[in-house]
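In: Attaching a predicted model along with its sequence, questions to come.
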Amino acid sequence: MTLGVYVQVPFCQTKCTYCNFHTGPVAKSLYDPFVESVLWEIRLCVKSPEGWLKQTVDTVYVGGGTPSLLEPAALARVLDALRRAFECAWEEVTLEADPETISPEKAAAWRAAGFNRISLGVQSFADAELKATGRMHRRADISSAVHALREAGFQNVSCDLIAGLPHQTASSWESSLGEMLDVRPEHISIYMMEIDEGSRLGREVLSGGSRYSAGALPSDDEMASFYELACARLAAAGYEHYEISNWALPGRRSRHNLKYWKREPYLGLGAGAHSFSGTHRWANAHDAAAYVRAIQQGRVPVEQMETVGADAALHEELFLGLRLLAGIDFAEIERRYNVSLAARLEELRAAGLVAIEGTRARLAAARLAVSNEVFVELLG
Ligand code: SF4
């Protein structure tokens, strides 16, 4: 078993209307104390007696937020500290970046620091959709960002799109997909817009208001058809659909993110970062100031910790495993957890929710766009 390291940088230039993360704009003067705290947290891990932290680190993911806002030298210091603290055999070192934050100089510095993969927050190629949601970049920024990354030597670039943005139409979605395929990133993530009270747009929709273009959101059926069109277009373009929201060219699946779905251990550093040791899950303080304060006072910055008991572990095996298009080996899970799943899965198969082949069960292709409904049926 190897270890993944995730570093959460919770700063952004603005707050996007649909965002329900613990992230947002802060004064730039707070960036340095935050980075110093992450460096301290890494040093704390070196001193930890925990055996699982002695495993070789093969993936690093610096996400956010918008970590590309930090100075490249600060990001390089974080990678250097990780190299000193852990046994490392890095295969994938990802930095999340927003298109407008990328310049040829920064891209070259990231490559020199050791990043070999960039996850680019594209979200849409339609300026009206970007503008309505408070994104800072525009369509023209995307191609210049990708150009700068390619020139700097990045051969592994991932792009995200969101299905269901305000003002999105069948035609604008088709254009975004087409422009994305012209860029030919090695990896593509497509997320469905989530409406919940954690975002300004979500609260507006739930209260029946019209701010933030709440009245211009596509319907659930339109969103599902956008997703289905993406499945068809990406498959035709040679992308393998390997997780509900993720596609990759052959050999380019995200090694780091696969650890989450396969329940492999990962260490989270930074404000709001989550960790999983195999038996416990915990989260650092979400508030960046509280996180920095805890580190400065010599305290462990953890704010939630839970033991993953057998029932919760089984729940995770099913929920996370079925997100993968390869599905789960339910006979193996039955053996490990001493449970019987076959009868329940057969009911779901008869209802058209899952497909079963031998001892493997996977979400039915027609239900991928509404996977949450299947999970409620399976786990409810
Ligand atoms: S850039 Fe990402 S993390 Fe930051 S506010 Fe927008 S959606 Fe949220």
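Out: That came in fine, so what should we check first?
In: Point me to the residue sitting closest to the centre of this protein.
Out: residue 257 (7.1 Å; C-alpha atoms, centre = their mean).
In: Confirm that that residue sits in a helix.
Out: Yes: using DSSP: H, G, I helix; E, B strand; the rest coil, the assignment for residue 257 is a helix.
In: quick one: the helices in this protein?
Out: 31-47, 72-85, 104-113, 127-132, 139-151, 170-183, 200-206, 220-236, 255-261, 288-296, 310-321, 330-337, 342-350, 371-379 (DSSP state H).
In: among those, which is nearest residue 214?
Out: helix 200-206 (4.4 Å; C-beta to C-beta). Quick note: C-beta positions are derived from backbone N, CA and C, even for glycine.
In: what's the spacing between that closest one and its chain's center?
Out: How far helix 200-206 lies from its chain's middle: 22 Å, per C-alpha atoms, centre = their mean, to the nearest Å.
In: again with stretch 125-132
Out: The answer for stretch 125-132 is 22 Å, by C-alpha atoms, centre = their mean.
In: Give me the buried positions along it.
Out: 125-126, 128-130, 132 (16 or more other C-beta atoms under 10 Å).
In: which ones are touching the residue sitting furthest away from the middle of the chain?
Out: No residue in the chain sits farther from the centre than residue 343, which is 33.2 Å out by C-alpha atoms, centre = their mean. Not one residue lies near residue 343 by C-beta atoms under 8 Å, 6 or more residues apart in numbering.
In: Look up how far the ligand lies from it.
Out: For residue 343, the distance to the ligand equals 42 Å [C-beta to the nearest ligand atom, to the nearest Å].
In: rewinding a little: would you list the helices of the chain in a markdown table and tack on mean pLDDT?
Out: Shown next, in a markdown table, are the helices of the chain (pLDDT from 0 to 100):
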| stretch | mean pLDDT |
| --- | --- |
| helix 31-47 | 94 |
| helix 72-85 | 97 |
| helix 104-113 | 98 |
| helix 127-132 | 98 |
| helix 139-151 | 98 |
| helix 170-183 | 98 |
| helix 200-206 | 97 |
| helix 220-236 | 97 |
| helix 255-261 | 98 |
| helix 288-296 | 96 |
| helix 310-321 | 95 |
| helix 330-337 | 96 |
| helix 342-350 | 92 |
| helix 371-379 | 82 |
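In: Residue 53 against residue 3, yeah?
Out: Yes: counting by C-beta atoms under 8 Å, residue 3 is a contact partner of residue 53 at 7.2 Å.
In: Need the residues touching each of the two.
Out: Joint contacts of residue 53 and residue 3 (C-beta under 8 Å, 6+ apart) are 86, 267.
In: rewinding a little: in terms of contact, does the residue nearest to the centre of the chain touch residue 246 like I think?
Out: Yes: using C-beta under 8 Å, residue 257 is in contact with residue 246, at 7.1 Å.
In: what is in contact with those two at once?
Out: With C-beta under 8 Å, 6+ apart, residue 257 and residue 246 have no common neighbours.
In: Could you identify the longest strand within this structure?
Out: Identified as the longest strand of the chain according to DSSP state E is strand 88-97.
In: List of residues touching it?
Out: Contacts for strand 88-97 (C-beta under 8 Å, 6+ apart): 2, 56-68, 75, 79, 82, 110, 114-121, 145, 156, 158, 254-256.
In: Can you list the strands that that strand pairs with?
Out: If you go by DSSP bridges, strand 88-97 pairs up with strand 57-64 (parallel), strand 117-123 (parallel).
In: Format the CA atom coordinates belonging to that strand as CSV.
Out: The C-alpha coordinates for strand 88-97 follow below in CSV (Å, rounded to 0.1, in the frame of the first residue of the first chain):
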residue,chain,number,x,y,z
CYS,A,88,8.7,9.4,-1.8
ALA,A,89,8.2,7.7,-5.2
TRP,A,90,6.0,10.3,-6.8
GLU,A,91,4.1,9.2,-9.8
GLU,A,92,1.5,12.0,-10.0
VAL,A,93,1.9,15.5,-8.5
THR,A,94,-1.2,17.6,-9.3
LEU,A,95,-1.8,21.3,-8.8
GLU,A,96,-5.3,22.8,-9.2
ALA,A,97,-5.2,26.0,-11.2
